[in-house]
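K.L.:
Sequence and predicted structure, then a few things I'm wondering about:
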Amino acid sequence: MNPLDQDRSTGTYATNHITKVQNIFDSGCSIWDRLKDFASSVPDFRRLNKGNIRHRLSDIIMLMILGRISGHVGRADIIEFGRHYLNKFRKKCMLMNGVPSEATLCRVEQGIDDPVMADRMREFADIFHRELIKAGSDREIICVDGKAERGTVQGNGRNPDIVSAYSFNTGIILATEPCHEKSNEIKAIPRLIEKINLSGKIVTADAMSLQKDIIDKIRKKGGDFLIELKANQPSLRYGVEDRLKLHVPQFSYTEGPELAHGRIETRTYSIYDGLKIIADKKKWGGRMTIIEYEADTVRKSTGVRTQEKRLYVTSLPAHTPRPGSIVRNHWSIESMHWGLDVNMLQDKIKRKSTKAARNLDTIQRIVYSVFSIWRGLRKKRSDKRKGVAELMRYVSMSFTRLMNFLCQK
């Protein structure tokens, strides 16, 4: 095959230089079309005025995405996937000069500008998110949490953390933000919040996010929050615990008993008006509501009974119906993290640089969102209930199934 000279190429092989990148995401296109638009929008880091470039960057990115959608994890498996379906790729005007080598895939992962690629992922997810959120009538819940990249170790011996915003209603990862090497999630979450629209939405997070700057940003962007209260805010936590004994809840209700995961659980929620309970109300931006969660759990196999109590603070009014469902919905982001580890083996894949680790994370999150988008676009209830592993097995059987899957509109 003749090498690709992108310096003099036109038409199909035109250069996708950073100065010529445009936002080409259009509505009404299939998942396949928008994936191609995403791959083409990522700026090329290679020298385009020297040497021979055999493969377009968009083709390499699409190969990595399609390989992982089909259940291939490592670079060698993805290359073998490309060789097996090379004729199919060429019919799609891709990989005209063959399949890139493992060294090329490595250079691409380490060379792509990771913040730019993450922003392109956000644009890709935003269009589908707007389409799917119109179909639902419930108020949207945005779950925020961080995940450590266990396969990469920084110079300080720590794993890099990536904070993500996950839409519970659509199952789409909306945006990601890395924690700097000498920082943590407290500094990364405000940058993440700036990237997404929170107007009229509810943000849920763990106790680390209960910080004045984060609360102020959520309120400023027109959103509400529901965050767990722990001892990282000692004056607020212990002050609320002491005052709750002197007040009667405005509302209280019980869910269960419910049998799931080998245990019988009964949950009781008590809702208090924080106006008389929180001492420093001005610091936290005004009126808040306290939710006390008590769980009584019995192990079905052993009969061992355990009790647990948690506190949550929220800007939602005390008369909000069933706030306990919002508390439980936050754990959907943990299920998403579990899916990345189990179905895509994220923690087992080794990457030497933080940049390569984040580019890999971006591709894996796009793959995860593709399955959620497909379920959201389907009308059959049986299709909406299918899991990532089941869909991955289905599309891995043939290239035709993969194309039919991605051509869903």
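P.N.:
Arrived safely.

K.L.:
How far does the helix or strand hosting G376 sit from its chain's centre?
P.N.:
Using DSSP states H and E, G376 sits in helix 354-377. What separates the centre of helix 354-377 from the centre of its chain is 8 Å, taken as CA atoms, centre = their mean, to the nearest Å.

K.L.:
For that helix, the averaged confidence score.
P.N.:
For helix 354-377, mean pLDDT is 93.

K.L.:
Then stretch 229-244?
P.N.:
On average, stretch 229-244 scores 87.

K.L.:
Just the buried residues of that stretch, please?
P.N.:
Within stretch 229-244, the residues that count as buried by 16 or more other CB atoms under 10 Å are 229, 233, 236-237, 240, 243-244. For every residue, glycine as well, the C-beta is placed using N, CA and C.

K.L.:
Next, the residues that contact that stretch from outside, please.
P.N.:
207-208, 210, 272, 274, 276-280, 284, 290, 292, 311-313 (CB atoms under 8 Å, 6 or more residues apart in numbering).

K.L.:
try stretch 245-265
P.N.:
Counting by CB under 8 Å, 6+ apart, 266-273, 276-277, 292, 295-301, 318-319, 322, 324 sit against stretch 245-265.

K.L.:
Just the ones of these in strands?
P.N.:
Counting by DSSP state E, the part of these found in strands is 266-273, 292, 295-299.

K.L.:
And those, which two are furthest apart?
P.N.:
Spanning the widest gap among the ones in strands among the contacts of stretch 245-265 are D273 and R299, at 35.8 Å by CB to CB.

K.L.:
Looking at those two now, which is surrounded by more residues?
P.N.:
D273 (18 against 12; other CB atoms under 10 Å).

K.L.:
now the helices for the stretch 1-150 of the chain?
P.N.:
In the stretch 1-150 of the chain, the helices defined using DSSP state H, counting those that start in this stretch lie at 31-41, 57-69, 75-84, 86-91, 102-111, 114-135.

K.L.:
residues touching D113, list them.
P.N.:
With contact taken as CB under 8 Å, 6+ apart, D113 is in contact with 43, 45.

K.L.:
next one: the one 4 residues further on
P.N.:
Going by CB under 8 Å, 6+ apart, M117 touches 42, 359, 362.

K.L.:
Among the residues you listed, find me the one that's closest to Q307.
P.N.:
T362 (41.6 Å).

K.L.:
my read: the closest one touches P115, true?
P.N.:
No - using CB atoms under 8 Å, T362 is not in contact with P115; the gap is 9.8 Å.

K.L.:
Show me which of the two is the more surrounded one.
P.N.:
Between T362 and P115, counting by other CB under 10 Å, T362 is the more crowded of the two (23 against 13).

K.L.:
where's that one relative to V116, distance?
P.N.:
Distance of T362 to V116, computed by CB to CB, to the nearest Å: 10 Å.

K.L.:
which residues touch the residue nearest the centre of the chain?
P.N.:
For the chain, the residue nearest the mean C-alpha position is I173 (3.1 Å; CA atoms, centre = their mean). By CB under 8 Å, 6+ apart, the contact set of I173 is 121, 125, 164-167, 336, 365, 368-369.

K.L.:
Please repeat the previous calculation with a cut-off of 10 Å.
P.N.:
121-122, 125, 129, 164-167, 333, 336, 340, 361-362, 364-366, 368-369, 372 (CB atoms under 10 Å, 6 or more residues apart in numbering).
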